[in-house]
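S.K.: pasting the sequence and the predicted coordinates here, then a few questions.
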There are 2 protein chains.
Amino acid sequence: MDELEARILEEGKVLPGNIIKVGSFLNHRVDTAFMSKIAQEFKKHFDIGKVTLILTAEASGIALAAVCSYIYGIPMLFAKKAKSDNIEGGLICSEIHSYTYNKTVTLMVESDMIKPTDNVLIIDDFLANGEALKGLIHIVEKTGAHLEGIGIAIEKGFQGGGDRLRAAGVNLKSLAIIDSVEDGIRFRSEA
Amino acid sequence: MDELEARILEEGKVLPGNIIKVGSFLNHRVDTAFMSKIAQEFKKHFDIGKVTLILTAEASGIALAAVCSYIYGIPMLFAKKAKSDNIEGGLICSEIHSYTYNKTVTLMVESDMIKPTDNVLIIDDFLANGEALKGLIHIVEKTGAHLEGIGIAIEKGFQGGGDRLRAAGVNLKSLAIIDSVEDGIRFRSEA
């Protein structure tokens, strides 16, 4: 998606540890008008008419998922990351390793929030190692629902998580794939 | 807001500790079509044309804030709750006590994400003791921006946070104020 790549080049910063910061429009301050263009782009790749639920993980995926959900007219669900007092029994959990926080975190959704008949589209802002997505896929599988596909704004292609998911047969679409950050940000041409 | 009160009565659950759970439409699974009605309701109470930034705190306020941001055509910003590796210097922080998690957490935004000329509308899903809002107000004050007001979906009136903010002169609008949960959920009539 040309406009997304242009904004990454214009506003993105590469921090030590190959962290790519796009907090000016995607996951801190959020340009929701631009998020709606991303939502329209996902529509070209997924059969949105068959999707019944948008799934994401807190916190940085929620804004993009919410705009997609609103544009598509489909409810959304965000997996929570730590046990709080207002989530009681009936949880579907999946443990993942967070490279951002360098610790194991538990993703969880309340079991009555996804039905076995749901057709789920996972939406997230970033894909790096793919740990968060593995957790979300695991949750979808546990509920017996169907996974339609995964829509990602920015994939860090050099970390391999996306290619592992594609090799496993997941219908994954990333709108910008960054293959290298060593001599400036370079994008994979097919994205 | 009648439709919000009706959904709270229909779908809400009161848990021990007077926790009110509305995760079926507001802050776990999110009915974003309904969030757009909430956004329209806030429009009756705030001069949205003068607002330049929607501010919320992660995680449960983000979905509602994102839909408001999209409907109003104004960017949003969500304060983050813990130090992660992809937030470097230049932070504006505010320490708050989280009653949900029973610990002190730090709310923070990157300082270049709010300008002193911004006119900020804070949006959140819940208001109980008002700690999260105090943190967000503190952040707005530190940046020198102007606080236009605070729009809340559900206020737990019996915890007093909302009335303390009103007494302090904040332009606060809660669309449903719950004044008691002891013999079923009872709403304050003016909300």
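M.R.: It's in. Residues are numbered from 1 along each chain as shown, chains lettered A, B, ... in the order given.
S.K.: tell me the strands beside the helix or strand of chain A with the lowest mean pLDDT, with direction?
M.R.: Ranked by mean pLDDT, DSSP states H and E, the weakest helix or strand in chain A is strand A:91-98, scoring a mean of 89. Each strand that pairs with strand A:91-98, with its direction, by DSSP bridges: strand A:103-110 (antiparallel).
S.K.: can you show me the CA trace of the partner strand as PDB?
M.R.: What follows is strand A:103-110, C-alpha atoms only, in PDB (Å, rounded to 0.1, in the frame of the first residue of the first chain):
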ATOM      1  CA  LYS A 103       8.300 -11.600  29.200                       C
ATOM      2  CA  THR A 104       5.500 -14.200  28.900                       C
ATOM      3  CA  VAL A 105       2.100 -12.800  28.800                       C
ATOM      4  CA  THR A 106      -1.300 -14.500  28.700                       C
ATOM      5  CA  LEU A 107      -3.800 -13.400  26.000                       C
ATOM      6  CA  MET A 108      -7.400 -14.200  27.000                       C
ATOM      7  CA  VAL A 109     -10.900 -13.700  25.800                       C
ATOM      8  CA  GLU A 110     -14.100 -14.600  27.600                       C
END
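S.K.: which parts of that strand are buried?
M.R.: Under the neighbour-count criterion of 16 or more other CB atoms under 10 Å in any protein chain shown, strand A:103-110 has A:105, A:107, A:108, A:109, A:110 buried. C-beta: built from backbone N, CA, C; applies to glycine.
S.K.: tell me the strands in chain A, going along the chain?
M.R.: Secondary structure of chain A, counting by DSSP state E: strands at A:13-15, A:19-21, A:29-30, A:53-57, A:76-79, A:91-98, A:103-110, A:119-127, A:146-156, A:172-180, A:186-187.
S.K.: chain center to stretch A:41-57, what's the gap?
M.R.: Centroid separation between stretch A:41-57 and its chain, computed with CA atoms, centre = their mean, to the nearest Å, is 12 Å.
S.K.: how long is it end to end?
M.R.: With CA to CA, to the nearest Å as the measure, stretch A:41-57 spans 21 Å from end to end.
S.K.: same deal with stretch A:163-175?
M.R.: Length of stretch A:163-175, first residue to last, CA to CA: 14 Å.
S.K.: for that stretch, what does the pLDDT average out to?
M.R.: Throughout stretch A:163-175, pLDDT has a mean value of 97.
S.K.: hang on, the earlier thing: restrict the least confident helix or strand of chain A to CA atoms and write it as CSV.
M.R.: The C-alpha trace of strand A:91-98 is given here as CSV (Å, rounded to 0.1, in the frame of the first residue of the first chain):
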residue,chain,number,x,y,z
LEU,A,91,-11.7,-17.7,29.8
ILE,A,92,-10.0,-19.0,26.8
CYS,A,93,-6.3,-18.3,27.3
SER,A,94,-3.1,-18.6,25.3
GLU,A,95,0.4,-17.9,26.6
ILE,A,96,2.8,-16.0,24.3
HIS,A,97,6.2,-14.5,24.6
SER,A,98,6.2,-10.7,24.2
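S.K.: in it, what counts as buried?
M.R.: Quick answer for strand A:91-98 (16+ other CB under 10 Å): A:92, A:93, A:94, A:96, A:98.
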